[in-house]
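**Student:** okay, here's the prediction I keep looking at, along with the sequence it came from:
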Amino acid sequence: MDRAQYLLLMGACLLITLPLEVVLGARVYRSPRRLWRALWPMLVVFVAWDLIVIARDHWRFSERFTTGLTLPGGVPLEEVVFFIVIPICGLLSLDAVRRILATLARRRADRG
């Protein structure tokens, strides 16, 4: 169970924020091109950063809490999943808040 904790946590993050897409109408998953444009620059920068600090032995990842699956260069799968999941959750939150604020503004305009 320990080795799967991090991936389970990332799955829980996606599951918890899924209603923002389904219920509140955020358009993150429905706009895959937009999502990819938001993710790829950050992925390149942070995976490169990880590769550098791993090569320099500045930090390591716990073997107890990771699956042992790594990319070339030693970047754990969980690290890449983190770099994808957390921005998706942030984008879902941002888009949901924008939609709620736009709805409230429309309602105020309709009343006034």
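**Tutor:** That came in fine, so what should we check first?
**Student:** can you list the buried residues in whatever helix or strand L20 lives in?
**Tutor:** Per DSSP states H and E, L20 falls inside helix 5-22. Using 16 or more other Cβ atoms under 10 Å as the test for burial, helix 5-22 gives Y6, L7, M10, C13, L14, T17, L20, E21. For every residue, glycine as well, the C-beta is placed using N, CA and C.
**Student:** could you check how far the nearest residue to the fifth one once chain neighbours are set aside is from G11?
**Tutor:** Once flanking residues are discounted, L14 sits nearest to V85: 5.9 Å by Cβ to Cβ, 6 or more residues apart in numbering. Between V85 and G11 the distance, using Cβ to Cβ, to the nearest Å, works out to 8 Å.
**Student:** again with M42
**Tutor:** For M42 relative to G11 (Cβ to Cβ), the value is 20 Å.
**Student:** then F65?
**Tutor:** Applying Cβ to Cβ, the value for F65 to G11 is 15 Å.
**Student:** could you pull out the helices for this structure?
**Tutor:** 5-22, 32-55, 77-111 (DSSP state H).
**Student:** any idea which of the ones you listed gets closest to L69?
**Tutor:** Of all the helices of the chain, helix 77-111 sits nearest to L69, with 4.2 Å by Cβ to Cβ.
**Student:** buried sites along the closest one?
**Tutor:** Neighbour-count burial for helix 77-111 [16+ other Cβ under 10 Å]: 78-83, 85, 87-89, 91-92, 95-96.
**Student:** shouldn't E21 be in contact with L35?
**Tutor:** No: E21 is beyond contact range of L35, at 11.0 Å (criterion: Cβ atoms under 8 Å).
**Student:** of all the buried residues of helix 5-22, which comes closest to T103?
**Tutor:** Among the buried residues of helix 5-22, and counting by Cβ to Cβ, the member closest to T103 is L20, at 13.9 Å.
**Student:** from L101, how far off is that closest one?
**Tutor:** According to Cβ to Cβ, L20 stands 14 Å off from L101.
**Student:** please apply the same query to T70.
**Tutor:** Distance of T70 to L101, given as Cβ to Cβ: 42 Å.
**Student:** L77 now?
**Tutor:** Applying Cβ to Cβ, the value for L77 to L101 is 36 Å.
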